[in-house]
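1. Let me see the structure of the following:
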Amino acid sequence: MLLAKSSTPQRFLALATAPTTLAASIVLAYQVTGHGTLEYRLAGWDAPLGINLRADGLSAFMVLMSCVVGAFVTLYAVRYYFERHEREGRYFWVLWMFLWASLNSLFLSGDIFNLYVALEIMGLSAAALITLPQGRAALTAGMRYLLVSLLGSLAYLMGVALLYGAFG
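-> This next block holds a predicted model:
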């Protein structure tokens with residue numbers, strides 16, 4: 001059985017989300033194949049204030065691949081690791097879903113500022129995932145990853161600010 005007796009709501013939600021996300025990515029790839037590039041403005045706001053999502057052939061393929069890999073990672077984590085490590089599992093599921101959502105957001109981002117936000121969320125959730133085992137080496141690696149990630153994202157944010165200042 002996929003769910004153990006000590007199932008958490010987070011684990012159940014992850015198991016429900018993985019096939020749903022995979023199905024949505026298949027539908028997205030099918031829509032892009034049939035209709036070409038798709039664009040969507042969340043809440044109807046335009047680019048400077050709103051979030052624009054854009055799916056072309058490459059981004060739909062990358063979302064599909066990340067969803068296939070993400071579904072298998074979710075199944076692996078349920079069955080083979082977090083049955084024995086329940087404490088880490090409570091935090092893993094939330095962080096894993098944030099990482100997966102930010103990766104999909106990265107591929108579907110329609111402008112450079114939302115790309116920055118997706119990179120930030122991905123960096124923060126990845127750094128937290130690294131520190132889950134709670135050993136000294138894991139905490140050191142997580143802190144190094146976080147600092148390098150923040151340095152890179154600050155450089156990226158400076159480039160975004162310069163582009164917005166030059167071109168509007």
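2. Just after the lowest-mean-pLDDT helix or strand in the chain, pick out the following helix or strand.
-> None of the helices or strands of the chain scores lower by mean pLDDT, DSSP states H and E than helix 86-108, at a mean of 87. The element immediately downstream of helix 86-108 (helix or strand, assigned by DSSP states H and E) is helix 112-130.
3. Report the buried residues of that next one.
-> The neighbour-count check on helix 112-130 (16 or more other Cβ atoms under 10 Å) flags 113-116, 118-130 as buried. From N, CA and C alone the C-beta is placed, and that goes for glycine too.
4. what are the ranges of the strands in this protein?
-> 38-41, 52-55 (DSSP state E).
5. of all the ones you listed, which lies closest to residue 25?
-> strand 52-55 (10.0 Å; Cβ to Cβ).
6. Touching the closest one from outside, list them.
-> Strand 52-55 has contacts (Cβ atoms under 8 Å, 6 or more residues apart in numbering) with 28, 31-32, 37-42, 46, 63, 108-111, 114.
7. Format the CA atom coordinates belonging to it as CSV.
-> Output of strand 52-55 as CSV, limited to C-alpha atoms (Å, rounded to 0.1, in the frame of the first residue of the first chain):
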residue,chain,number,x,y,z
ASN,A,52,2.0,36.9,-17.0
LEU,A,53,2.3,33.2,-17.8
ARG,A,54,3.5,32.2,-21.3
ALA,A,55,3.7,28.7,-22.7
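8. any idea how far that strand is from the chain center?
-> With Cα atoms, centre = their mean, to the nearest Å as the basis, strand 52-55 stands 15 Å off its chain's centre.
9. Tell me the bridge partners for the residue lying closest to residue 31 once chain neighbours are set aside.
-> Spatial nearest neighbour of residue 31, excluding adjacent residues (Cβ to Cβ, 6 or more residues apart in numbering): residue 38 at 6.1 Å. Beta-bridge partners recorded for residue 38 (DSSP bridges): residue 55.
10. In terms of pLDDT, where does residue 38 sit?
-> pLDDT for residue 38: 92.
11. Likewise for residue 85?
-> Predicted confidence (pLDDT) for residue 85: 65.
12. Residue 131 now?
-> In this model, residue 131 is scored at 88, pLDDT.
13. Double-check it against residue 139; I have them as touching.
-> Yes - shown here, residue 131 and residue 139 form a contact pair, counting by Cβ atoms under 8 Å, at 5.5 Å.
14. what's the single longest helix in this protein?
-> Using DSSP state H to define each element, the chain has its longest helix at helix 136-167.
15. for it, packing partners?
-> helix 112-130 (3 or more Cβ pairs under 8 Å, 6 or more residues apart in numbering; DSSP states H and E).
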